[in-house]
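> 3D, please:
(chains A and B)
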Amino acid sequence: MIRKMLIVDDEMEICEFLKSFFEDRDFKVATGHSGEEAIEKAASFQPDVILLDIQMPGMDGLKALKKIKENHPKMKVIMVTAVETEDKIEEAMRYGADNYITKPLSLEYLEKDVRDKIGFFSKTA
Amino acid sequence: MKKVALFHLRTPRAVLKKSLVGLILFFLGALAAYVIPFLLPPDIARVWGRHPLTPIFVITGIFLIAYKPIDRSVMRLLEKYFFHKKSFAQMTLMDLAADLSVNLDLQELSNLVVNTFGEVLHLKTVALLVPDPLQNNFEVASAYGWQITASKRLRLATDVPLIKLIHQSGPHTLVRGLLLQSLSWQEANALSRDFDTLQAGWITPLFVKGKLVGLIAFGALSPDTVFDQADFHFFREFAAVIAKSIHNALVVKRLRQLNLELQDSQSQRFQKTKLNAIEQLAAGIAHEIHNPLAIISGKAQVLLMQKGPKRLEQNVQDALNAIVKQTQKAADITRKLLMYSQGGRGPQDWISLEKVLDETLALLAYQASLDQIEITKTLDPDLPRYYANIQEIREVFLNLLLNAVEAVGTRGKIQVELRCRRDEEFIEILCADTGKGIPEEHLDRVFNPFYTTRHEAVGLGLFVTKQIVHRYGGAIRVESQVGEGSLFIIQLPYTAEVPQVKTAETREKLASVSGAGK
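As a prediction, the model looks like this:
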């Protein structure tokens, strides 16, 4: 079963390498670069899991998260953050984020976490 | 509790005094009756002898005219020669009153009062209690003949029978024995408990303008020291003088406290705004750095995880691994910086420095034993608790000790000492090591950020330590001799533990404890 992932980060390069990494692992990946795009693609693309950057210009990840969780409560969202600012992480958890990871990312850990969240254990590259 | 027994007039000593005056006057009169005829011219002397009642008339006349002045001077003489000690005592107490009026320090004042009373009146115990408005009770300002710990613990709630009685009876001295006789046994029972708490035979309340500003509890008297009404009158007057001084000192103390609190809150606000700016800056920098690091590290990881035919050669993999590892290290630095900038936001409380030191030593024990480093600690037996954010103090100890462990390397000694310099109102943390020492030209740089002599270290430890110490208004310095070791000295200013900064929870606990004791 092909899993769908939405990656939202204002940094193109980050989206790019994450996309190639997860596509190598048989994910179907879409990307976005802002909070607005995240909400829009969550609705149109219907991903199983979203990697959502917190700090983005315009609508930030937290606002997008709140909206997404309202519209699609079952969608898994993993927050990605450059700085572990406690209050922001707390806020994200309150809005229903499923986990958070900090940059620089350990892809190994991220992959494991994504698979945990979407109940996807059998797949090995 | 309507009846209030105050003090008794007919003490044995007063009776003795009066009878002595009578006796002397009688002898003077009798002497005059026999001496006068010899002094008079012969013709008048004959008239004197003619009637047997004449001498009696003369003596009665002398008595009537001279009683007052003789009584007064005889009393004075008696005071001087037979009750020498007491008039000396009164004079000393008068001197004390003069000293009191120029002193504004509550502690000094109280010490002066209790010590003078104790010494001069030969009392077993004397305690001076002043109200503590925040705790709603009376605490011992100074005590004579008491065990220090017992006097420190002593608290008298404002609603106990004794204080209620004092409010009713005003500035009169209350004598235990007489007072208890005049009350019903329930009242006497309740009251005697308060007297027992204060170890008091009699109590002189201190009033200023109808307000109770304190009380002096005089220890049980030995049987031969009994005071008469004049003495109690004297005490009452004297108490008024003490009361005024104590009142002034209390006002000054409260003002000083308020002033300190004000300064404290101002500096805290200043620091908070400053920290917020630093924090924002650090968060911004961390964000800007972590994104590129994430890209570098992420791309390297993607390459590393390629399998099968795309698998990279070992030397390339090694290089990529190094890239991933180093980006992680770089991120750790910014994270530390960020954590530093967020420091000081944690809650502050009264903490035991000894406990924090022990925790830190426990962390390092294993490393130290591996390196054969002997760590010893010396503690001030009555080190006061310190008002601080425990996380920050942990960091101070950890950085200090880590630095010492690194400096020693293997085989050596580290000595940590905590001591309180009460006279200068600071706590000193000393950390001496037998390490390699710091060359003189580097001494002023050891607290700089990123200064390190170790290849794998970041060099933020002592910098962060210095920042924390400065945040508490303290100072850190180092003395070092190359090849012999270094000594780091941290001085943290402290203020005596005052109840109002305690958390609400501890205050409640205290209140319930003092309430239960009553």
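> what comes up buried for the strand or helix carrying A:A30?
Using DSSP states H and E, A:A30 maps to strand A:27-32. Buried residues in strand A:27-32, counted by 16 or more other C-beta atoms under 10 Å in any protein chain shown: A:27, A:29-32. Using the backbone N, CA and C atoms, a C-beta is placed for each residue, glycine as well.
> Okay, B:L64 and A:P47: tell me how far apart.
Going from B:L64 to A:P47 by C-beta to C-beta, to the nearest Å gives 123 Å.
> Can I get the lowest-mean-pLDDT helix or strand in chain A as PDB, trimmed to CA atoms?
Lowest on mean pLDDT, DSSP states H and E among the helices and strands of chain A sits helix A:86-94, with a mean of 84. C-alpha atoms of helix A:86-94 as PDB (Å, rounded to 0.1, in the frame of the first residue of the first chain):
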ATOM      1  CA  GLU A  86       9.300  25.100  24.700                       C
ATOM      2  CA  ASP A  87       6.200  27.200  24.400                       C
ATOM      3  CA  LYS A  88       5.900  26.600  20.700                       C
ATOM      4  CA  ILE A  89       6.200  22.800  21.100                       C
ATOM      5  CA  GLU A  90       3.700  22.900  23.900                       C
ATOM      6  CA  GLU A  91       1.300  24.800  21.700                       C
ATOM      7  CA  ALA A  92       1.800  22.400  18.900                       C
ATOM      8  CA  MET A  93       1.100  19.400  21.200                       C
ATOM      9  CA  ARG A  94      -2.000  21.200  22.400                       C
END
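> Tell me which other helices or strands that helix touches.
Judged by 3 or more C-beta pairs under 8 Å, 6 or more residues apart in numbering or on different chains; DSSP states H and E, the packing partners of helix A:86-94 are helix A:61-71, strand A:76-81, strand A:99-102.
> Among the ones you listed, which comes closest to chain B?
With C-beta to the nearest C-beta as the criterion, chain B lies closest to strand A:99-102 of these, at 7.5 Å.
> Sheet partners, orientation included, of that closest one?
Paired strands of strand A:99-102, with direction, are strand A:76-81 (parallel) (DSSP bridges).
> Could you find the closest non-adjacent residue to A:E11?
B:N291 (5.2 Å; C-beta to C-beta, 6 or more residues apart in numbering or on different chains).
> How many neighbouring residues does that neighbour have?
Residues near B:N291, counting by other C-beta atoms under 10 Å in any protein chain shown, number 20.
> re earlier: now do the least confident helix or strand of chain A: distance to the chain's middle.
Put simply, helix A:86-94 sits 15 Å off its chain's centre (C-alpha atoms, centre = their mean, to the nearest Å).
> Verify the contact between the residue nearest to A:E11 and A:V80 for me.
No - between B:N291 and A:V80 there is no contact under C-beta atoms under 8 Å: 10.3 Å.
> shared neighbours, those two?
Shared contacts of B:N291 and A:V80, defined by C-beta atoms under 8 Å, 6 or more residues apart in numbering or on different chains, are found at A:K103.
> who in chain A is up against chain B?
A:11, A:13-14, A:17-18, A:20-21, A:24, A:55, A:82-86, A:102-108, A:125 (C-beta under 8 Å from any C-beta of the partner chain).
> Of those residues, keep whichever come out buried.
Neighbour-count burial within those applies to A:11, A:14, A:17-18, A:21, A:55, A:82-85, A:102-107; the criterion is 16+ other C-beta under 10 Å.
> which one of those residues sits closest to B:Q90?
Of all those, A:T85 has the smallest distance to B:Q90: 72.4 Å, by C-beta to C-beta.
> Enumerate every residue touching that closest one.
B:A283.
> where does it fall, phi/psi-wise?
Reported as degrees, to the nearest 10, the phi and psi values for A:T85 are phi -80, psi 120.
> for the strand or helix carrying A:K4, which positions count as buried?
Applying DSSP H and E as the criterion places A:K4 in strand A:3-8. Using 16+ other C-beta under 10 Å as the test for burial, strand A:3-8 gives A:3, A:5-8.
> got those as a markdown table, with pLDDT columns?
Below are these laid out as a markdown table (pLDDT from 0 to 100):
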| residue | pLDDT |
| --- | --- |
| A:R3 | 89 |
| A:M5 | 95 |
| A:L6 | 95 |
| A:I7 | 95 |
| A:V8 | 95 |
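> between those, which is nearest B:L123?
Each of the buried residues of strand A:3-8 was scored against B:L123 by C-beta to C-beta, and A:V8 proved nearest at 82.5 Å.
> How about the residue nearest in space to the middle of chain A: what's its closest non-neighbour residue?
Closest to where the C-alpha atoms of chain A average out (C-alpha atoms, centre = their mean) is A:L51, at 1.0 Å. Once flanking residues are discounted, A:L51 sits nearest to A:I7: 4.8 Å by C-beta to C-beta, 6+ apart.
> residue contacts, the one you found?
Residues counted as contacts of A:I7 (C-beta under 8 Å, 6+ apart) are A:14-15, A:18-19, A:22, A:29-32, A:50-51.
> Can you tell me who it pairs with across the strands?
So, taking DSSP bridges as the rule, A:I7 has A:T31, A:L51 as bridge partners.
> if we can go back for a sec, buried residues in the least confident helix or strand of chain A?
With burial defined by 16+ other C-beta under 10 Å, the residues of helix A:86-94 counted as buried are A:88-89, A:91-92.
> ok, which pair from those is furthest apart?
The distance between the two most remote of those (C-beta to C-beta) is 7.2 Å, for A:I89 and A:E91.
> Give me the neighbour count for B:P384.
B:P384: 16 surrounding residues under other C-beta under 10 Å.
> Kindly report the same for the one 10 residues further on.
Using other C-beta under 10 Å, the number of residues around B:R394 comes to 18.
> what's the helix or strand hosting it packed up against?
Taking DSSP H and E as the criterion, B:R394 maps to helix B:390-408. Helices and strands touching helix B:390-408, by 3+ C-beta pairs under 8 Å, 6+ apart, are strand B:349-351, helix B:353-370, strand B:373-379, strand B:412-421, strand B:426-433, helix B:461-471, strand B:485-493.
> Listing partners with orientation, what would you give for the first one?
Under the criterion DSSP bridges, strand B:349-351 sits next to strand B:386-388 (antiparallel) in its sheet.
> for the strand holding A:A30, what is the average pLDDT?
Taken as a whole, strand A:27-32 has a mean pLDDT of 94.
> List of residues touching that strand?
Applying C-beta under 8 Å, 6+ apart, the contact partners of strand A:27-32 are A:2-9, A:15-16, A:18-19, A:22-23, A:38, A:40-41, A:45, A:47.
> hmm, 6 Å instead?
A:2-8, A:15, A:19, A:22-23, A:38, A:41, A:45 (C-beta atoms under 6 Å, 6 or more residues apart in numbering or on different chains).
> Report the distance from that strand to the chain centre.
Chain-centre distance of strand A:27-32: 10 Å, with C-alpha atoms, centre = their mean.
> For the stretch 251-400 of chain B, which residues are neighbours of chain A?
Residues of the stretch 251-400 of chain B lying close to chain A (C-beta under 6 Å from any C-beta of the partner chain) are B:283, B:286-287, B:290-291, B:293-295, B:297-299, B:301-302, B:327, B:331.
> 10 Å instead, please
Applying C-beta under 10 Å from any C-beta of the partner chain, one finds that the stretch 251-400 of chain B approaches chain A through B:279, B:282-308, B:310, B:324, B:327-328, B:330-331, B:334-335, B:338-339, B:342, B:345.
> Surely B:G483 touches B:A407?
No - using C-beta atoms under 10 Å, B:G483 makes no contact with B:A407, being 11.6 Å away.
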